[in-house]
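Novice: All I have is the shape, not the residue letters:
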């Protein structure tokens, strides 16, 4: 779409060089390839991951994969689904282990579409991305490695990055000019080392882990659940996998051991013998071992994710932690997504280059929060096992107002965080907190339950044109556009406000008209998402029953053009059983008067604005977009 | 699995010859190929359907495709989904057309998982089956045709059917010996003609239809809905399709016309001109026509589906009707499914050959009911358009006891029927009505809402081993086995009854033990569905919360062996909001005491039996299976 203008340049010029084809590199590459950028993507392995490695897709990541149209290809591999976690400990009296409790891995207080963790071998996940990349003409170049790079914006403001690449056997070399370089090379990042960016260890304790994937025969009843097992013989973590496989994590050494050696290792047979002792009185035998590895790991966060906003790092190059939380791949995906749309917004001419400065603070804060939770949770847990009533309270649906003890509070926060729904980007130019300085009286209506910097809340609605019941938050694909959700309340109440919204959006200096598609005259009438602008897709949701809505009558032409994105808020929702318009109610927007919600291209709420007659609504939207857009909008002052 | 024993025979010997690779032939072939039979499948077309033809998959058919693991391959093509039907008529005053109402195509009083019709080009659906067949080593031989056949059980009791096949250009011939021959050749069936089986016309009126698939530009607001449009210029039916396409059906001639000619035709341009007049005041232009065809059709039913229970007919060879109800492919699928499992049961040595005699009456009755509904509904509709309050009442969720007028009653029956959920096989040896002569006091508990001959009711449950929330009715794949659902009530209440069930099932002459797998000693511990017998898969559902259930403690070993099929009935269901065990409640089974439900391999309830201490439960099951099984069971007398 956008980057293709560069294709006339010599073959050694690229929009971006991406090093590493693990989850973070592939997500970045897949997004940018879809949006038309010219990509050089290399990996130093000859093939995608053949076995083992990260394999947990958290609920929010599955939403994201669905939004990209990749979920069904993942699910076609019949992954294991973890709904509950079981805890096993030594009994109060006697030997062996007993189950002390189980609880939901994504409890119902989290409004998730897919309240489970999806377990699938990383190589299969990588191949789904690689197939999508190839549809868009990008092929990962293997086995190639990066040898050197420089970045100098003064010398070459358009293509400031120079990268030297080489086949791993040294038989071929290339020098590339690029706008960006991305390091998704994993924990041992050459690019991070070259930039002399240090790693900070949150938890000074390091561990050596053994991990084994295989098919077993056992009478242990929870072999298809995620389990944390402590016994007098040591500890083990059980994670079910596709194809009757099970993954076992065993802690082989800890830096708290008196004789700690980070190079300590163990054979597969030793790990199996250890697992057999830990699982007593249950038996376990291996029919097949698919993968076995031992690796030392500590909690660490990279000091910077970029130095010059041209060379970026993401994924394991920026944060490492124990495999227990199953967060590696998910955090990597969200690093890449966060960076992808910002690069697109800048390179497509929509946003100021300044927005690239939000990548590091947004994503570093998430990594720090993740590690802090991980520590806090582990510590709390090691003090005493939770009582049954605490487990029940922690898993209960209602976000009750009862006083909660530290354990329950931490557990809940931890669940929200590990499910991916807890990510909360702090206030900045993209996420307007209620106390944003440019706040007008229409910004962030009091009642709203939406929080800028957090995900849009899930809701079912009925699409007007074809009466399909749909997931509103999934209706706009990952197309790099801002998502404007006009919750339009009652058609009779908001008719004038909608007309005023359209009239003011149509004005020459509005955020919307300022970014009209250059090819507007040649757009097909079948275009659903971007008929006017490549930077915005608009959904309108009425608090009415579907048959009562007539698109040509109830919407001004500008909004009616998005006819495939007009919805009736007429589906019942168990979370707001008394509401008449459940989507409005879940968002905390007035069922009569509605409101406008701007969602960033990555799904996080940017700003919530009241829907009012007159120009105030569009004035506020102009102010919001004006804070980071490349053009001067309406009466606002650009500010960051 | 079963038919493979025949593979040592000469290549000209097959279990079955299937003629025609449309929906009915492919469904039959796919089932039998999965169950290990040797199949000769021919079709006289060089390629699968390239464009057009049937394209509506009804809700129950989608359940079936999911049960076969084929649904995601169908949905990957992004079919259109019809949730509602719109009715357009001339206005009371003035010209043009106005919408008089819309209603759900599968209203919520039907408990459907997928309450919509799936619209996808028949060729894409055929290819999904063909890909599955090829995985099982069956390739459709094209373009080949059938030239002659004979069937003589006295001469050759094992392979009584002889079939002469020929390449359509006459360059090659084959003579095949087979156990069965199936004619799925469509309305002009050579096999039916050779058997001299007549066609009865229910409705003597014949029609000529024009059908056009294409991409249009229009301001008609319901172009993405299914619409029935009547205007002063004629009538048209609109059906949305995948890829922005729309199908239009136009009635070109009717035998009630004074100058009726069944050969009457119309050009694509004439049909487009006619559509333009009918849609006024809306405009419509074609960007592309993918397919256009004119064909005469009348309602007809074949007098017989078989003469000797060796040569069978199914699909359009047996029943033709107007395309309006979108039933062709769905009825074809269910014809094939009904025949497939019965052939399997006989050829695998489980059932008496007599059960093949149930194919014709079961499926012919469905076809007759379908055509009768079609007529009744059309007639009622032509008398007067329904009033708005009738539409509302007809679509309302509750199966209310309010008096219903003829229109509403017919509408409801019609919806149930066309969704596929209304199929009700009459009482016979396979479907034991409450008044079955062999009835004991445990057969068909009073409270149950299950009806023998109808589908098992849908219900969500939690699988015990991995805490996955699942659709109970989908838990057993289409494996050709009878499905025994033990609703086990409260573990404390039914402990003895479960032990007695297992003890009596384990007896030498029980239905269960009589059909033990011959390879029982070599069965893998990973086998989930058929560890003991190829003819039965057992599910146990407790009315308890998942963490309260301990498989090794609460189930006798025989039932515990099906550890992947043990469930907790602990999910809330809006249809029985007050129930503690919703699946038990939906089936109308006691939440304390449970009950045993036998479901035929095709998903229809066979018999419901109380779960009692002592031998009565297994005695009743022995009596049920003894009525059609090949071996003498328990104390029962074989009877049909």
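Specialist: It's in. The structure presented is a predicted model; accordingly, all values stated were derived computationally and were not measured. Residues are numbered from 1 along each chain as shown, chains lettered A, B, ... in the order given.
Novice: and the closest residue to residue A:302 other than its chain neighbours, how many neighbours?
Specialist: Closest residue in space to residue A:302, ignoring its immediate chain neighbours: residue A:318 at 4.2 Å, by C-beta to C-beta, 6 or more residues apart in numbering or on different chains. Yep, even glycine has a C-beta here, placed from its N, CA and C like the rest. Residue A:318: 30 surrounding residues under other C-beta atoms under 10 Å in any protein chain shown.
Novice: which ones are touching residue A:318?
Specialist: Counting by C-beta atoms under 8 Å, 6 or more residues apart in numbering or on different chains, residue A:318 touches A:192, A:301, A:302, A:305, A:335, A:363, A:364, A:367.
Novice: Surely the fourth one is in contact with residue A:314?
Specialist: Right, residue A:305. Yes: judged on C-beta atoms under 8 Å, residue A:305 makes contact with residue A:314 at a distance of 6.8 Å.
Novice: Run a quick neighbour tally on residue A:198.
Specialist: 12.
Novice: Any idea how far the top helix by length along chain A is from the middle of the chain?
Specialist: Longest helix in chain A by number of residues (criterion: DSSP state H): helix A:359-383. For helix A:359-383, the separation from the chain centroid amounts to 16 Å (computed by C-alpha atoms, centre = their mean, to the nearest Å).
Novice: Likewise for stretch A:81-91?
Specialist: On C-alpha atoms, centre = their mean, the centre of stretch A:81-91 falls 26 Å from the chain's centre.
Novice: Give me the mean pLDDT for that stretch.
Specialist: Here stretch A:81-91 scores 92 as its mean pLDDT.
Novice: That stretch: end-to-end distance?
Specialist: This stretch, stretch A:81-91, spans 28 Å end to end (C-alpha to C-alpha, to the nearest Å).
Novice: now do stretch A:469-477
Specialist: 16 Å.
Novice: got it, and stretch A:350-369?
Specialist: End-to-end distance for stretch A:350-369: 31 Å, by C-alpha to C-alpha.
Novice: now stretch A:273-286
Specialist: Chord length of stretch A:273-286, first to last residue, is 11 Å (C-alpha to C-alpha).
Novice: same check, this time on stretch A:71-88
Specialist: End-to-end for stretch A:71-88, by C-alpha to C-alpha: 33 Å.
Novice: helix, strand or coil for the residue in the stretch 251-400 of chain A that chain B sits nearest to?
Specialist: Of all residues in the stretch 251-400 of chain A, residue A:287 sits closest to chain B, at 8.7 Å by C-beta to the nearest C-beta. Counting by DSSP: H, G, I helix; E, B strand; the rest coil, the backbone at residue A:287 sits in strand.
Novice: What is the neighbour count of it?
Specialist: If we define neighbours as other C-beta under 10 Å, then residue A:287 has 12 of them.
Novice: Contacts only, for residue A:545.
Specialist: A:568, A:570.
Novice: okay, it: pLDDT?
Specialist: Looking at residue A:545, its pLDDT is 96.
Novice: any idea which of the contacts of residue A:318 is the one closest to residue A:513?
Specialist: residue A:363 (32.6 Å; C-beta to C-beta).
Novice: Look up the pLDDT of that closest one for me, please.
Specialist: pLDDT at residue A:363 comes out at 97.
Novice: same thing with residue A:53?
Specialist: For residue A:53, pLDDT reads 75.
Novice: ok, how many other residues are close to it?
Specialist: Neighbour count for residue A:53, taken as other C-beta under 10 Å: 21.
Novice: Likewise for the one 10 residues further on?
Specialist: As a burial measure, residue A:63 scores 22 neighbours (other C-beta under 10 Å).
Novice: I figured it was touching residue A:113, is that so?
Specialist: Yes: the criterion here is C-beta under 8 Å, and residue A:63 meets it with residue A:113 at 6.1 Å.
Novice: now residue A:511, nearest residue through space, not along the chain?
Specialist: residue A:625 (3.8 Å).
Novice: how long is stretch A:426-434 from one end to the other?
Specialist: Stretch A:426-434 has an end-to-end distance of 12 Å (criterion: C-alpha to C-alpha).
Novice: in that stretch, what counts as buried?
Specialist: Of the residues in stretch A:426-434, A:428, A:429, A:430, A:431, A:432, A:433 count as buried by neighbour count, 16 or more other C-beta atoms under 10 Å in any protein chain shown.
Novice: Closest one of those residues to chain B?
Specialist: Closest approach between these and chain B, by C-beta to the nearest C-beta: residue A:430, at 32.4 Å.
Novice: That closest one touches residue A:358, doesn't it?
Specialist: Yes: in this structure, residue A:430 is within contact of residue A:358 by C-beta under 8 Å, at 6.0 Å.
Novice: touching chain B at all, the helix or strand hosting residue A:493?
Specialist: In this structure, residue A:493 sits in helix A:491-505 according to DSSP states H and E. No: using C-beta under 8 Å from any C-beta of the partner chain, helix A:491-505 stays clear of chain B, coming no nearer than 15.2 Å.
Novice: Who are the packing partners of that helix?
Specialist: strand A:482-489, helix A:551-554, helix A:557-560, helix A:616-626 (3 or more C-beta pairs under 8 Å, 6 or more residues apart in numbering or on different chains; DSSP states H and E).
Novice: so what's residue A:453 up against?
Specialist: Contacts for residue A:453 (C-beta under 8 Å, 6+ apart) come out as A:424, A:425, A:426, A:427, A:431, A:433, A:604, A:605.
Novice: Surely the second one is in contact with residue A:604?
Specialist: Looking back up the chat, that one is residue A:425. Yes: here residue A:425 lies in contact with residue A:604, judged by C-beta under 8 Å, at a distance of 6.0 Å.
Novice: where do the contact lists of those two overlap?
Specialist: By C-beta under 8 Å, 6+ apart, the residues touching both residue A:425 and residue A:604 are A:431, A:453, A:454.
Novice: Which members of those residues are positioned in strands?
Specialist: If you go by DSSP state E, those have nothing in strands.
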